[in-house]
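In: Here is my input; please provide its structure:
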Amino acid sequence: MTSAVAHDPRQPAPDEVPGSARHRRHTARWVAVSVLVVAAGLVAVLATRPQAASQASSALVGKPAPGIDATPKTAVETVSGSAFSMSDLLGHWVVVNFFASWCEPCQEEAPQLVSFSHEHTRPGSPELLGIAYDDSAANARAFMRSTGANWTAVMDSGDLKIAYGVTGPPETFVVAPDGLVLAHYIGPVTAAALNQVIADGEASGY
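Out: Sure thing, here's the model as predicted:
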């Protein structure tokens with residue numbers, strides 16, 4: 001004879017789950033899935049977002065800026081084909097920016113440099129100097145025109161990137177009026193970072 005298993009009427013049968021419990025399980029499952037999706041999305045955004053500039057401990061910091069603090073004067077050619085002497089910038093704050101038309105982080109950085117340039121239009125204000133890195137003059141000109149850059153940019157035969165120790169654009173150097181390099185940034189720099197270096201330098205007596 002088969003014995004029947006007693007069932008406690010206060011508990012649901014094994015094959016019967018109350019609707020409220022089933023709803024809670026369903027909701028919990030979707031909450032867990034949603035959390036995972038959001039987390040994965042954040043990871044993807046952080047992984048693909050361009051990295052901001054970091055100030056590098058360059059061996060050049062505290063030393064003369066190549067081409068600017070130079071005797072005799074260093075003559076280079078601008079992206080427009082005219083002669084330019086970098087050492088004419090001595091006596092001014094100078095932001096030396098290595099860039100290239102094929103460099104995506106340089107495109108991200110460009111609006112910040114344009115903003116910085118617009119902030120400093122008075123005589124004696126900090127100067128911007130672009131140095132085209134492994135690029136053609138035509139492409140460098142087109143890049144500057146498309147981004148609204150109106151400062152001087154020069155071509156580099158290879159000597160300048162070696163002298164500055166640049167391994168790839170964008171890299172930026174802040175040069176004090178006496179020709180010494182005060183800061184070196186790797187990656188897209190911001191106008192705020194540049195202004196802070198100059199403000200700190202002026203507070204220190206530069």
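In: Could you use CA atoms for every contact and neighbour count after this?
Out: Noted.
In: Show me where the protein dips below the pLDDT cut-off.
Out: By pLDDT under 70, the low-scoring segments of the chain are 1-57, 71-73.
In: Try it again at 90.
Out: 1-59, 69-75, 157, 206 (pLDDT under 90).
In: just the helices in it please.
Out: 19-48, 104-119, 137-147, 159-164, 191-203 (DSSP state H).
In: buried residues in the last one?
Out: Residues 191, 193-195, 197-198, 201 are the ones in helix 191-203 that count as buried (16 or more other CA atoms under 10 Å).
In: can you redo these as CSV with distance to G148?
Out: Below are the buried residues of helix 191-203 laid out as CSV (distance: CA to CA, whole Å):
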residue, distance to G148
A191, 15
A193, 20
L194, 19
N195, 20
V197, 24
I198, 23
G201, 28
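In: How far off centre is stretch 102-112?
Out: Offset of stretch 102-112 from its chain centre (CA atoms, centre = their mean, to the nearest Å): 8 Å.
In: can I have that stretch written out in PDB, keeping just the CAs?
Out: Taking Å, rounded to 0.1, in the frame of the first residue of the first chain, the C-alpha atoms of stretch 102-112 are listed here in PDB:
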ATOM      1  CA  TRP A 102      46.200  62.100 -37.600                       C
ATOM      2  CA  CYS A 103      46.200  62.100 -33.800                       C
ATOM      3  CA  GLU A 104      42.700  61.600 -32.300                       C
ATOM      4  CA  PRO A 105      43.600  62.800 -28.800                       C
ATOM      5  CA  CYS A 106      45.000  66.000 -30.500                       C
ATOM      6  CA  GLN A 107      41.500  66.600 -31.900                       C
ATOM      7  CA  GLU A 108      40.000  66.200 -28.400                       C
ATOM      8  CA  GLU A 109      42.600  68.600 -27.000                       C
ATOM      9  CA  ALA A 110      42.200  71.300 -29.700                       C
ATOM     10  CA  PRO A 111      39.200  73.100 -28.200                       C
ATOM     11  CA  GLN A 112      41.100  73.500 -24.900                       C
END
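In: Return the set of buried residues in that stretch.
Out: Buried residues in stretch 102-112 (16+ other CA under 10 Å): 105-112.
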